[in-house]
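[1] Return a 3D structure for these sequence lines:
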Amino acid sequence: MRTIKILGGLSALVLAIHVELAAAEKLERLKVSECGRFLVTESGEPFFWLADTCWHMFGKSVMEEAENQPPVTSYFANRARKGFNVIQSVLVRAPIGGSLANAYGHLPFEDGDFSRPRLGPGPNDDYWDHVDRVIAAAKTYKLYVAALPVWLEDIPPEAPMERDPEIAYRYGHFLGTRYRDEPHLIWVLGGDAYTKGRNVDVPSRLVMVRAMAEGIADGIAGVDKYDGQADWSVCLMTFHPPGGGRSSSEWLHNEPWLDFNMIQTTTRFRFANWKTVMRDYALTPPKPVLDGEVAYEGSLSLRKDEPQDLRIRPQDVRRAAYWAVFAGACGHTYGHRSFIGWIRKGETYRYGAYIPWYEVLDTPGAFQVGYLRQLIESRPFFTRIPDQSVLVEDYGDTDAHLQATRCKEGGYLMVYSPRGQPIRVKTEKLKGPRFRAWWFDPRLGRAERIGGENKEFEGEVLEFRCPSSGDGNDWVLVLDSTEYNFAAPGRKRE
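    Next comes the predicted model:
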């Protein structure tokens, strides 16, 4: 995107000219891998989900330089450079102030009726025109968009679309029809429905959510018939659950439209998201799983029994990411408190958000989650499984808990140590008898060969002591079979 400023008279006229970036590589639709554990592109290439969270982006962003924020494209460019490939946001959600109107003053519906989107005759005169532009801009930066049609918690009990689920179907059908040609859209139903009577454990709410999912799929497929059936293969869908270590699997694992499970661990200091991931990983049929909300960097804890004068640190962000992925997650979602409400200049929001979003683009955690993606992609992708049995001890349910993952064909194993605790591993599931060992630094994304360039290890049980220990001194042990000529961890595979 390009912005040209034309100055004239006593005021500045800002004219935004939107041009396509040169020959951007075509994004493929995503689907679930044959084994049911991972996400892949249509052509079968592995896709490691690395998302950023900005729930209010569609309602509060602008396409041009404004007095209180830069254009949304500056955000996309920054996230793409850091290795993010998914942006999580809500298409329609009341921003700060309570109105559904977006930054241009446009409302999404006629009289609040979800079955009647408000559409203007021109190319840039309604709510959905801005949604179009944001979705198109994300694609030019090769970013997928995990879009929630609405925040389920904001829909009160006995709302019109709950009483008449065909309203939910019509809204979903509008979205599916309008965006059927956008391969980079992932549909996320739900939205933090923690208040009693608002989640899908209420039968009428489940019917409403199913109707919206059906409408989206039918719209994409070119069908217009609300009958409880749809071709679910035309899109990728999941469900954003309420927080506290909850997962979509608790209510929806066997729903035909639910392609993968999403967890919300919630922002707090004490968490064990590896437990929730492992529980979902054990379900049948197998479905991919990931943590969609945990440990927002720069946030106060949402748990009132935890300190309210401390903020989530980069090491908390890393711990959440490595625990989840090594426990079997197909990727991870990062978040920063200033992005959740898309904080613009002069605004504040809940749980300590007060810094404008464009001033926290380069926080440590935003770089460091990208190193995790690089690490995972530097080793064979589809053979990776979680396996705690390779550990002699894992330090139990503490902040020092070790989490292990390995190649089921014996090529490698990795162990994450959040506090630099000693690691003792059993090598029987690796192809032996000799192994190369590395320390991978999650803070810097760098790998160092243990013992020097020519050092190899042998033995049924090996012990390694991390280069440093204590709070913030996390490390990843990578142990490779010498039968494989892997490059340094984190380095792109040839």
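
[2] Can you show me the strands along the stretch 1-150 of the chain?
    Along the stretch 1-150 of the chain, the stretches classed as strands by DSSP state E, counting those that start in this stretch are 2-8, 11-17, 30-32, 39-41, 46-47, 49-53, 86-90, 109-110, 113-117, 144-148.

[3] I figured residue 198 hits residue 153, correct?
    Yes. Under the criterion of Cβ atoms under 8 Å, residue 198 lies in contact with residue 153, with a separation of 5.8 Å. Glycine gets a C-beta too; all of them are placed from N, C-alpha and C.

[4] any low-confidence regions in the stretch 351-494 of the chain?
    Residues of the stretch 351-494 of the chain meeting the criterion pLDDT under 70: 494.

[5] Please, where are all the helices along it?
    Listed in chain order, the helices of the stretch 351-494 of the chain (DSSP state H, counting those that start in this stretch) span residues 364-377.

[6] how about the helices of the stretch 201-350 of the chain, start to end?
    Per DSSP H, counting those that start in this stretch, the stretch 201-350 of the chain has helices spanning 203-221, 249-252, 273-281, 314-326, 337-340. These are given in chain order.

[7] Quick one: residues in contact with the third one.
    Okay, so that is helix 273-281. Contacts of helix 273-281 with the rest of the structure, by Cβ atoms under 8 Å, 6 or more residues apart in numbering, involve 37, 245-247, 249, 261, 263, 265, 287, 289-291, 294, 320, 323-324, 326-329, 386, 397, 401, 403.

[8] Go through those residues and flag which are in strands.
    Judged by DSSP state E, these include 246, 247, 261, 263, 265, 289, 290, 291, 294, 386, 403 as members of strands.

[9] on that earlier part again, buried subset of the contacts of helix 273-281?
    The neighbour-count test (16 or more other Cβ atoms under 10 Å) marks 37, 245-247, 249, 261, 263, 265, 287, 289-291, 294, 320, 323-324, 326-329, 386, 401, 403 as buried among those.

[10] Would you mark the buried spots in stretch 148-166?
    Buried, per 16+ other Cβ under 10 Å, within stretch 148-166: 148, 149, 150, 151, 152, 153, 154, 155, 159, 161, 162, 165.

[11] again, but for stretch 380-396
    Neighbour counts using 16+ other Cβ under 10 Å place 380, 381, 382, 384, 385, 386, 387, 388, 390, 391, 394 of stretch 380-396 among the buried residues.

[12] Please apply the same query to stretch 273-282.
    Neighbour counts over stretch 273-282 (16+ other Cβ under 10 Å) mark 273, 274, 276, 277, 278, 279, 280, 281 as buried.

[13] Could you export those to JSON lines, including columns for pLDDT and distance to residue 428?
    Converted to JSON lines, those look like this (pLDDT from 0 to 100; distance: Cβ to Cβ, whole Å):
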{"residue": "273", "pLDDT": "97", "distance to residue 428": "28"}
{"residue": "274", "pLDDT": "97", "distance to residue 428": "23"}
{"residue": "276", "pLDDT": "98", "distance to residue 428": "28"}
{"residue": "277", "pLDDT": "98", "distance to residue 428": "24"}
{"residue": "278", "pLDDT": "98", "distance to residue 428": "21"}
{"residue": "279", "pLDDT": "98", "distance to residue 428": "26"}
{"residue": "280", "pLDDT": "98", "distance to residue 428": "27"}
{"residue": "281", "pLDDT": "98", "distance to residue 428": "22"}
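
[14] Could you single out the nearest of those to residue 79?
    Each of these was checked against residue 79 using Cβ to Cβ; the closest is residue 273, at 22.3 Å.

[15] ok, now which ones touch the spatially closest residue to residue 348 that is not a sequence neighbour?
    Once flanking residues are discounted, residue 348 sits nearest to residue 354: 4.6 Å by Cβ to Cβ, 6 or more residues apart in numbering. Residue 354 is in contact with 338, 343, 347, 348, counting by Cβ under 8 Å, 6+ apart.

[16] now residue 232
    Shown here is residue 232, whose contacts under the criterion Cβ under 8 Å, 6+ apart are 217, 256, 257, 259.

[17] Apply 6 Å and report the result again.
    Listed by Cβ atoms under 6 Å, 6 or more residues apart in numbering, the contact set of residue 232 reads 217, 256, 257.

[18] what about the nearest residue to residue 39 once chain neighbours are set aside, neighbour count?
    The spatially closest residue to residue 39, leaving aside those adjacent along the chain, is residue 47, at 4.4 Å (Cβ to Cβ, 6+ apart). Here the neighbour count serves as a burial measure; for residue 47 (other Cβ atoms under 10 Å) it reads 21.

[19] With residue 231 instead?
    Residue 231 has 12 neighbouring residues, counting by other Cβ under 10 Å.

[20] Return the distance of it relative to residue 257.
    Applying Cβ to Cβ, to the nearest Å, the value for residue 231 to residue 257 is 10 Å.

[21] And residue 160, by the same measure?
    Counting by Cβ to Cβ, the separation of residue 160 from residue 257 is 22 Å.

[22] hang on, the earlier thing: list the ones among the buried residues of stretch 148-166 that fall in strands.
    Restricting the buried residues of stretch 148-166 to those inside strands, with DSSP E as the criterion, leaves residue 148.

[23] Looking at the buried residues of stretch 148-166, which is nearest residue 474?
    Within the buried residues of stretch 148-166, distances to residue 474 taken as Cβ to Cβ reach their minimum at residue 148, with 31.7 Å.

[24] for that closest one, what are its contacts?
    Per Cβ under 6 Å, 6+ apart, neighbours of residue 148: 90, 188, 191.

[25] give me the beta-bridge partners of it?
    Residues in a beta bridge with residue 148, per DSSP bridges, are residue 90.

[26] quick one: it and residue 189, what's the gap?
    Residue 148 is 7 Å from residue 189, where distance means Cβ to Cβ.

[27] Kindly report the same for residue 383.
    The value you get for residue 383 to residue 189, if Cβ to Cβ is used, is 31 Å.

[28] List of residues touching stretch 165-183?
    By Cβ under 6 Å, 6+ apart, stretch 165-183 touches 27, 29, 114-115, 117, 149, 160-161, 185, 207-208, 211-212, 215-216, 218-220, 226.

[29] With stretch 318-334 instead?
    Contacts with stretch 318-334, where a contact means Cβ under 6 Å, 6+ apart, come from 38-39, 48-53, 273-274, 277-278, 281, 288-292, 294-295, 368-369, 372, 386, 403, 405, 416, 418, 442, 474.

[30] What residues does residue 296 make contact with?
    Residues near residue 296 by Cβ under 6 Å, 6+ apart: 267, 312, 335, 336, 337.

[31] count of residues packed around residue 244?
    Here the count is done by other Cβ under 10 Å, and residue 244 has 14 residues near it.

[32] What of residue 285?
    Taking other Cβ under 10 Å as the neighbour definition, residue 285 ends up with a count of 7.

[33] picking that back up, just the buried members of the contacts of stretch 165-183?
    For the contacts of stretch 165-183, burial is judged from neighbour counts taken by 16+ other Cβ under 10 Å, and it is met by 27, 29, 114-115, 117, 149, 161, 185, 208, 211-212, 215-216, 218-220, 226.

[34] any idea where the strands of the stretch 351-494 of the chain begin and end?
    384-386, 403-407, 412-417, 423-426, 435-441, 446-449, 461-464, 475-481.

[35] Reformat these into CSV and put distance to residue 359 next to each item.
    Conversion of the strands of the stretch 351-494 of the chain to CSV gives the following (distance: least, Cβ to Cβ, whole Å):
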stretch, distance to residue 359
strand 384-386, 37
strand 403-407, 33
strand 412-417, 31
strand 423-426, 38
strand 435-441, 27
strand 446-449, 27
strand 461-464, 40
strand 475-481, 30
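
[36] In space, what's closest to residue 370 - neighbours in sequence excluded?
    Taking Cβ to Cβ, 6+ apart as the measure, residue 370 lies nearest to residue 83, with 3.5 Å between them; neighbours along the chain are not counted.
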